[in-house]
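> what follows is a predicted protein model with its sequence.
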Amino acid sequence: MDKDSKTLIFGGSGLLGSAVKRVLYTKGLENVLAPRSKEVNLLEKAEVKKYLNKEKPEYIFMTAGLVGGIVGNSTRPADFLYENSMMILNLLESAREVSPNSKILYTGSNCIYPKENPQPIKEGRLMAGKLEDTNKGYAVAKILGVVGCELYRKQYGLDVICAMPTNLYGLNDNYDLENGHMIAGLIKKFLLAKEKGKEIILWGTGNPIREALYSEDCADALVYLMENYSSDEIVNIGPGFHYSIKEFAEIIGREIGIDSKIKWDSSKPDGTFEKRTDIERLKSIYPDFKPRSFIEGLRNILSNEKEVKKILS
Ligand code: GFB
């Protein structure tokens, strides 16, 4: 990618898409398009086709989607299935019709893997077993996206690659307590306890194991793959470390400086017990990939006044 490469980000206002935008700007790219859904609604194929026909971008980062944490996913499974399926199909079909030379990077999720896995989870676990119920709609849509990319590559020769990020957090996250992801939820709950004396109620048992990848580290890997990788083999992106939810809570509480007692709401689901992504394939492509520690990422967020204000608003 050089500084004039026309690069399109779908989902550029979200957690990951906005991080991709920052990484591209840091690399000096000047021709980056990031239309909002008002401008191009990915659920409407005619709009996607018209936009791609007009712009014919060299690169497309497909980070758009209906996303949410465990409760958002489990209460709106049909919406997650429908929207995420239609978005990637509309993009692939439009691209092959009017912009077949665009290189496309599609982001899936480690939710595509079965509920039970040998850990860490290798890419070969795709479709190797039953899915976790709490995010079945989202997972099936993302699996459809991955298979779609493979088939459009095979039949139409589109240069589409697929990356599977693990649980993400970072600046510009969704801090909605009901629908957001775990790290964003925990940060907000501890900040609310410190600033407004609220009780800290976390979900499930606290025993599940998760990873936490800082959005810009994920974006850095995506940009690297866009520049250096072309294959129908999907690539996991993870930080290479993990904690239990209880341990994440301890770290966040310590950093924020509050040690109130945590209540665990067992009416909320634990979800998959353990999700650790194997990143050997990524490291073989990008040996210098160096994701930051959780403490470092957390400190970036907590020291950003604008972000903290947004979290507390
Ligand atoms: O990120 P998360 O919502 O989803 O994390 P998944 C869920 C885990 O954190 C469960 C516990 O074990 C929850 O019980 N948890 C504890 C909390 N307190 C909270 C809280 O306040 N908020 C949230 N959200 N969780 C995600 C998918 O699954 O995996 C995403 O939902 C995405 O769409 C991601 O694909 C990779 O980790 O279970």
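Thanks, I have it.
> is it true that residue 13 touches residue 36?
Yes - look at residue 13 against residue 36 with C-beta atoms under 8 Å: they come within range, at 6.1 Å. C-beta: built from backbone N, CA, C; applies to glycine.
> between those two, who's got more neighbours?
When residue 13 and residue 36 are compared for neighbours, residue 13 comes out ahead with 14 against 10, by other C-beta atoms under 10 Å.
> so the more buried one, which of the three states?
coil (DSSP: H, G, I helix; E, B strand; the rest coil).
> now do the same contact list for it.
Residue 13 makes contact with 34, 36, 172, according to C-beta atoms under 8 Å, 6 or more residues apart in numbering.
> in CSV: those residues, plus pLDDT.
Written out in CSV, the entries for those read as follows (pLDDT from 0 to 100):
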residue, pLDDT
34, 98
36, 96
172, 95
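> enumerate the residues of the stretch 101-250 of the chain near the ligand.
For the stretch 101-250 of the chain, the residues found near the ligand under the criterion C-beta under 6 Å from any ligand atom are 109-111, 135, 138, 166-167, 180-182, 185-186, 189, 202-204, 208, 210, 245.
> 8 Å instead, please
Contacts of the stretch 101-250 of the chain with the ligand, taken as C-beta under 8 Å from any ligand atom, map to 109-111, 132, 134-135, 138-139, 142, 165-168, 177, 180-186, 188-189, 201-206, 208, 210, 245, 249.
> count of neighbours near residue 50?
Residue 50 has 14 neighbours, counted by other C-beta under 10 Å.
> what of the one 4 residues further on?
One way to gauge burial is a neighbour count; for residue 54, by other C-beta under 10 Å, it gives 9.
> returning to that earlier point: buried ones among the residues of the stretch 101-250 of the chain next to the ligand?
Neighbour counting with 16 or more other C-beta atoms under 10 Å marks 109-111, 132, 134-135, 138-139, 142, 165-168, 180-186, 188-189, 202-206, 208, 210, 245, 249 as buried within these.
> which of these fall in strands?
Using DSSP state E, 165, 168, 202, 203, 210 are the members of these that sit in strands.
> how about the helices in the chain?
Using DSSP state H, the helices of the chain run over residues 15-26, 45-55, 70-75, 77-98, 136-156, 182-196, 215-228, 245-256, 280-285, 294-302, 305-312.
> distance from the second one to the middle of the chain?
Read it as helix 45-55. On the basis of C-alpha atoms, centre = their mean, to the nearest Å, the separation between the geometric centre of helix 45-55 and that of its chain is 24 Å.
> by how many degrees do that helix and helix 77-98 diverge?
An angle of 40 degrees separates the directions of helix 45-55 and helix 77-98 when computed by axes from the mean of the first three to the mean of the last three C-alpha atoms, to 10 degrees.
> contacts for helix 45-55?
6, 8, 33, 35, 39-42, 90-91, 93-95, 97-99, 102.
> from residue 235, how far off is the closest residue to residue 81 other than its chain neighbours?
In space, and not counting its chain neighbours, residue 81 is closest to residue 137: 3.6 Å by C-beta to C-beta, 6 or more residues apart in numbering. According to C-beta to C-beta, to the nearest Å, residue 137 stands 24 Å off from residue 235.
> again, but for residue 19
With the distance defined as C-beta to C-beta, residue 19 ends up 17 Å from residue 235.
> which single residue in the stretch 1-150 of the chain comes nearest to the ligand?
Ranking the residues of the stretch 1-150 of the chain by distance to the ligand (C-beta to the nearest ligand atom) places residue 69 first, at 2.8 Å.
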